[in-house]
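Engineer: sharing a sequence plus its predicted fold:
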Amino acid sequence: MKRILLIIFLLSATMVQAKSGMIIKGKILHPLADEIKFSFFDNLLTYSQKEVSAKLAVNGSFTVKVPYVGPSYIELFMQHGNQESELYVNGSEELAMSVDAKRFDSSLRFTGKGNEVANFSAMHVRDKGLVMMFGKKMGPVYVKGPDEFIPAAKAEVQNEIDYLAVHKKGLPADFIRYWQDHYTYALYGAMLNYPFYHERYKNNAMPSTIPKENYKVALQVPEQFDDKGMELPVYTQYLTEFYSTRLDAAGIMNSSDSIGKIIYTQDDSVAKLANAHMPPKTKAYYFASKLYRGAKMYPMDKLEADYAVFTKQFPASEYNDELEEVASLRRRMLAGQPAMDFEFTTVEGKRMKLSDLKGKVVFLDFWASWCGPCIREMPGAKKVKEYFKDKNVAFINISIDEDTAAWKKAMAKHGITGLNICQPGWQAPIPKSYGIQSIPSYYLLDKQGRFALENTPRAGDADKLILEIEKLLQ
C-alpha cells in the first residue's frame, strides 16, 4: 500500500454505537503524535466540520466519542500525525479494527457489524485514494475538448463503479446504492463544472469569459432530482447548479440597470423552475442554500424579503436556525454598525486588537494562498496601498491558510504589505465571527470602527475603492 495516511496504528480498536454517538476505542502502535482526530461534515447547508480527538495513553490506547449523525452513510476522516484515512459509517457499526504498522498492507482488518463496508473503505483508500480526491483526478480530463470530455469523464466514473463490482461481495445493498449514486452525481457535477474548469485547466488561469461551446457538455446533464439524494453532498452541489448553468448557457443572467441596481433575472428564473420541478426536500435545500450563500451578497432588502418568503413556504424547515444566524449577522454588519473586535498576532509576532486602530480607516481583506480570485485582486490592492501610503489607513490581510509555509510564501511572492495575520480554516475565530463563506471577502471600516458600506468594492476595483476610502478620510 502507498502507506495510507493515518492509521499506521491500531493493533486493536473497537467502534460501538452508543445512545448519543459512536464510541471509538483503540491502541496505536508506534504513534506518530500524542493524539488521534476524527472529523466529518455534519451539515450540508453550512458544510461545517465537526472534529473530536483523544489523547493517547502511555501505551497508545485511546477512547473517543463520535456524535451520532443519522442513518445515512458519511465519510469519517481519521488523522494521526501527518497520516489520514477515511471510513464510511452510518452510526450502527460495532467494529473491531486491527493493524500492525510494520505490516500495514497485509494486516489491516475489520471485524464485527459493519465490517464489510469498513474493509471496502480501507481497500479503496489503499488502492484508489480518498473519495474526496476524485475531483482532483478530473483535472487532466477538464483539459479535453467538449466532444472528448464526456467519454473520458464517464471512464473515470466507470473505473470507480468497476472497483465496487469487484469488491462488492457482502456489501449491504444500501451502501452499493449509495456508492453508485455518489458517482452518478459526481459525473453530473463534473459536467456542470466543465464550462468554467475547461478554461481554468486549459489556460492555467482563471477565465474572464466562457466560450458558448463549453456549455455543450453541461446541457447533456439530465434533470434527475430525487429527495433520496439529499444524503449525498455531491447531489446538493448538483441541485444548486443545474438550472443556473442551463440559464448561463442561454445567456440569461443577472444584470444591472443604468444606476447600478442589480436585476435578478437569473435568480428569479431559477426560483420559478425550482418551485415547479424540485421535490420537497430538494426544493427546501435549494432555497435555503440560495439564502445562506447570498446572505452577504444580496442587498439587505432583498435578503429580508427572500427570508420572509422562505419562512412562510417552509415554516418548520430544518435550516431555520442557520438562516436566522446568517441574517442576524448581516444585520449586525450593516453600514454604521460597530465592527466586531478581535485580537490578532501579526506575522512579525506583534499582538494587537482591531480596536487599537480606531482613528484610522481600516480595510479588511480575507484571502488564502490557494485562492485564485484572491491572488488576481492583489495588484489592485497594491495600487490602493501605495496610494494611501503614509496616510491614516490600515490594511489587514487575514489569510485562512492552514499551511503556514504556503501563506508566507504567497505574501513574499505577491508583495502583500500591511498587517498580515493567519487564521487557519473557515471556522477560525475571526473568519467565523465575520461569517466568511467565500473568499476574497472585503470590509471597509470608518475611523470610529464602524462598517462603512453595505458592499465594499473589491480590491481589484482600485479606483472605486480609493474613492470610498478618501470619503472616509475627510
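Structural biologist: Structure's in. What do you need? Residues are numbered from 1 along each chain as shown.

Engineer: what's the local residue count around K464?
Structural biologist: One way to gauge burial is a neighbour count; for K464, by other Cβ atoms under 10 Å, it gives 14. All C-beta atoms are positioned from the backbone trio N, CA, C, and that covers glycine.

Engineer: show me what the strand or helix carrying it is packed up against.
Structural biologist: K464 belongs to helix 462-473 when assigned by DSSP states H and E. Judged by 3 or more Cβ pairs under 8 Å, 6 or more residues apart in numbering; DSSP states H and E, the packing partners of helix 462-473 are strand 361-367, helix 372-387, strand 441-445.

Engineer: by how many degrees do that helix and helix 372-387 diverge?
Structural biologist: Here helix 462-473 runs at 50 degrees with respect to helix 372-387, directions being taken by axes from the mean of the first three to the mean of the last three Cα atoms, to 10 degrees.

Engineer: okay, buried residues for helix 462-473 please.
Structural biologist: 462, 465-466, 468-469, 472 (16 or more other Cβ atoms under 10 Å).

Engineer: repeat for stretch 191-208
Structural biologist: Taking 16+ other Cβ under 10 Å as the neighbour-count basis, stretch 191-208 is seen to contain the buried residues 191-201.

Engineer: do me a favour and get the end-to-end distance for stretch 135-143?
Structural biologist: Using Cα to Cα, to the nearest Å, the span of stretch 135-143 from its first residue to its last is 13 Å.

Engineer: just the residues contacting that stretch, thanks.
Structural biologist: With contact meaning Cβ atoms under 8 Å, 6 or more residues apart in numbering, stretch 135-143 is reached by 149, 152-153, 156, 190, 193-194, 197-198, 200-202.

Engineer: and stretch 449-461, by the same measure?
Structural biologist: Contact with stretch 449-461 is made by 297, 299-300, 333-339, 341, 354-355, 357-358, 361-363, 365, 376-381, 384, 440, 442-446, 464-465, 468, 472, as judged by Cβ under 8 Å, 6+ apart.

Engineer: quick revisit: closest one of the contacts of stretch 135-143 to G349?
Structural biologist: Of all the contacts of stretch 135-143, G349 sits closest to R200, with 37.0 Å by Cβ to Cβ.

Engineer: hmm, back to that, just the buried subset of the contacts of stretch 449-461, written out for PyMOL, thanks.
Structural biologist: Selection of buried members from these for PyMOL, criterion 16+ other Cβ under 10 Å:
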select buried, resi 333+339+354+357+358+361+362+363+365+376+377+378+380+381+384+440+442+443+444+445+446+465+468+472
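
Engineer: quick one: the strands in the stretch 101-250 of the chain, in order.
Structural biologist: Secondary structure of the stretch 101-250 of the chain, counting by DSSP state E, counting those that start in this stretch: strands at 109-113.

Engineer: neighbours around V221, how many?
Structural biologist: With neighbours defined by other Cβ under 10 Å, the count for V221 comes to 21.

Engineer: now do the contacts for it.
Structural biologist: Contact partners of V221, counting by Cβ under 8 Å, 6+ apart, are 188, 191-192, 238, 242, 245.

Engineer: tell me the one of these nearest E223?
Structural biologist: Nearest member of the contacts of V221 to E223, counting by Cβ to Cβ, is F242, at 6.9 Å.

Engineer: one step back: looking at the contacts of V221, which is nearest D321?
Structural biologist: Minimum distance to D321 across these is 24.9 Å, recorded for Y238 (Cβ to Cβ).

Engineer: contact partners for that closest one?
Structural biologist: With contact taken as Cβ under 8 Å, 6+ apart, Y238 is in contact with 185, 188-189, 192, 221, 229.

Engineer: tabulate those (TSV), appending distance to A410 and pLDDT.
Structural biologist: What follows is these, written out as TSV (distance: Cβ to Cβ, whole Å; pLDDT from 0 to 100):
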residue	distance to A410	pLDDT
Y185	33	97
Y188	34	97
G189	28	96
L192	30	97
V221	35	98
G229	37	93
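
Engineer: Serialize those residues to JSON lines and add fields for distance to A118.
Structural biologist: Formatted as JSON lines, the entries for the contacts of Y238 read as follows, by distance: Cβ to Cβ, whole Å:
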{"residue": "Y185", "distance to A118": "24"}
{"residue": "Y188", "distance to A118": "28"}
{"residue": "G189", "distance to A118": "27"}
{"residue": "L192", "distance to A118": "32"}
{"residue": "V221", "distance to A118": "33"}
{"residue": "G229", "distance to A118": "24"}
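
Engineer: by contact count, what packs against whichever helix or strand S85 is part of?
Structural biologist: Counting by DSSP H and E, the element that carries S85 is strand 83-89. Helices and strands touching strand 83-89, as assessed by 3+ Cβ pairs under 8 Å, 6+ apart, comprise strand 74-80, helix 115-128.

Engineer: partners of that strand, with directions?
Structural biologist: On the basis of DSSP bridges, the sheet neighbours of strand 83-89 come out as strand 74-80 (antiparallel).

Engineer: relative to helix 115-128, how tilted is the strand it pairs with?
Structural biologist: Calculated by the same axes, to 10 degrees, strand 74-80 forms an angle of 60 degrees with helix 115-128.

Engineer: what about strand 74-80, average pLDDT?
Structural biologist: For strand 74-80, mean pLDDT is 80.

Engineer: got a list of contacts for it?
Structural biologist: Strand 74-80 is contacted from outside by 5-9, 28, 31-33, 35-41, 66, 84-90, 131-132, using Cβ under 8 Å, 6+ apart.

Engineer: shouldn't Y292 be in contact with Y47?
Structural biologist: No: with the criterion set as Cβ atoms under 8 Å, Y292 and Y47 do not qualify as a contacting pair; they are 9.9 Å apart.
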